[in-house]
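Colleague: coordinates for the following, if possible.
(one chain, ligands or ions: 1)
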Amino acid sequence: MEQYLQSGLAAMGLPADGIPALCRYGELLLETNKVMNLTAITEPRDVAALHFLDSAALLTLEDFHGKSVVDVGTGAGFPGLPLRILEPTIRLTLLDSLGKRVQFLESVCRELGLTDVSCIHSRAEEFAGAHRESYDLAVSRAVAALPVLCELCLPLVRPGGKFLAMKSVESDQELASAGHAIATLGGAVAAVRDYVIPGTQVRHRLIIVEKAKKTPEKYPRMFAKIKKNPL
Ligand SMILES: C[S@@+](CC[C@H](N)C(=O)[O-])C[C@H]1O[C@@H](n2cnc3c(N)ncnc32)[C@H](O)[C@@H]1O
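Modeller: Residues are numbered from 1 along each chain as shown. The predicted structure follows:
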């Protein structure tokens with residue numbers, strides 16, 4: 001894993017300081033995955049590429065320095081935790097609705113000495129009640145289709161901040177279908193950036209949505225409504 005991280009981070013022009021922490025995180029992920037469902041990826045080199053380098057790629061596409069960041073539906077910590085390991089100035093909140101995954105994240109943060117990372121067990125639409133428009137950036141990967149995801153994420157972003165959605169390169173139709181949701185929630189698409197994960201032929205996409213104005217108070221709705229009637 002170390003070797004893949006070294007060459008992959010170097011290819012992206014990112015510093016190598018975080019490699020020991022990422023390797024330990026990878027070990028904990030694969031160990032814990034034997035007794036808890038955390039990831040379908042079980043080969044160390046694939047963890048390096050498809051979890052760590054995929055997450056790290058965001059640092060080449062957006063400025064994270066000193067920003068408050070919420071990772072919505074972080075699961076086993078992706079993309080938020082690799083971002084925080086590689087960019088220690090990030091003030092990170094990891095948010096997931098599954099308590100066991102949040103406990104795993106707490107134990108990883110303890111072991112890596114990341115005492116300032118908040119690991120929160122909550123649904124995003126409920127967390128927005130007390131943390132509305134309080135983050136510079138929201139990030140999310142593999143949680144929901146974009147119209148639903150926008151309602152979970154955009155209310156958490158302050159006006160002037162951004163929501164970064166990690167998607168497949170096949171997401172043109174999904175993005176088109178989210179136009180109404182993005183506008184209704186106060187967003188505007190700022191950029192669509194495709195990238196290749198170093199050492200692989202895997203192409204992924206980052207959709208960058210700016211928070212142009214405040215989200216109307218009635219959003220986010222309860223999840224049942226969001227799901228039944230996406231914006
Ligand atoms: C497929 S996993 C993806 C995890 C991680 N982002 C990744 O890319 O590996 C989706 C995660 O989103 C969480 N999730 C789904 N809906 C959520 C919601 N409304 N609020 C918070 N977490 C949610 C699930 O518990 C799950 O851990």
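Colleague: how about the strands of this structure, start to end?
Modeller: 68-72, 91-96, 118-121, 135-141, 157-168, 187-196, 203-211 (DSSP state E).
Colleague: give the pairing partners of the first one; include direction for each.
Modeller: Okay, so that is strand 68-72. strand 91-96 (parallel), strand 135-141 (parallel) (DSSP bridges).
Colleague: now swap in the last one and tell me
Modeller: With DSSP bridges as the test, strand 203-211 is paired with strand 157-168 (antiparallel), strand 187-196 (antiparallel).
Colleague: sorry, back to before: could you dump the strands of the chain to TSV with distance to the ligand?
Modeller: Every C-beta, even on glycine, is put in place using the N, C-alpha and C of the backbone. Output for the strands of the chain, formatted as TSV (distance: least, CB to the nearest ligand atom, whole Å):
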stretch	distance to the ligand
strand 68-72	6
strand 91-96	5
strand 118-121	9
strand 135-141	4
strand 157-168	7
strand 187-196	16
strand 203-211	11
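Colleague: Serialize the ones you listed to a markdown table and add fields for mean pLDDT.
Modeller: Formatted as a markdown table, the strands of the chain follow (pLDDT from 0 to 100):
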| stretch | mean pLDDT |
| --- | --- |
| strand 68-72 | 98 |
| strand 91-96 | 98 |
| strand 118-121 | 98 |
| strand 135-141 | 98 |
| strand 157-168 | 98 |
| strand 187-196 | 98 |
| strand 203-211 | 98 |
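Colleague: I'd say A144 and S97 touch.
Modeller: No - A144 is not in contact with S97 according to CB atoms under 8 Å; the separation is 11.5 Å.
Colleague: what is in contact with these two at once?
Modeller: G73 (CB atoms under 8 Å, 6 or more residues apart in numbering).
Colleague: ok so, going back, output the strands paired with strand 68-72 in JSON lines, with mean neighbour count appended to each entry.
Modeller: Listed next are these as JSON lines, based on neighbours: other CB atoms under 10 Å:
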{"stretch": "strand 91-96", "mean neighbour count": "24"}
{"stretch": "strand 135-141", "mean neighbour count": "25"}
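Colleague: make TSV out of those and add distance to L22.
Modeller: Shown next, in TSV, are these (distance: least, CB to CB, whole Å):
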stretch	distance to L22
strand 91-96	15
strand 135-141	17
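Colleague: nearest to M12, of the strands of the chain?
Modeller: strand 187-196 (8.9 Å; CB to CB).
Colleague: tell me the buried residues in the closest one?
Modeller: The neighbour-count check on strand 187-196 (16 or more other CB atoms under 10 Å) flags 187, 190, 192-193, 195 as buried.
Colleague: go on, stretch 1-9?
Modeller: For stretch 1-9, by 16+ other CB under 10 Å, it's 1, 4-5, 8-9.
Colleague: and what of stretch 21-40?
Modeller: Going by neighbour count (16+ other CB under 10 Å), the buried part of stretch 21-40 is 21-23, 25-26, 28-30, 32-33, 38-39.
Colleague: for stretch 38-58, same thing?
Modeller: Buried-residue list, stretch 38-58, by 16+ other CB under 10 Å: 38-39, 41, 44, 47-58.
Colleague: so how far is that stretch off the chain centroid?
Modeller: 13 Å (CA atoms, centre = their mean, to the nearest Å).
Colleague: mind checking the end-to-end distance for that stretch?
Modeller: The distance separating the two terminal residues of stretch 38-58, taken as CA to CA, to the nearest Å, comes to 22 Å.
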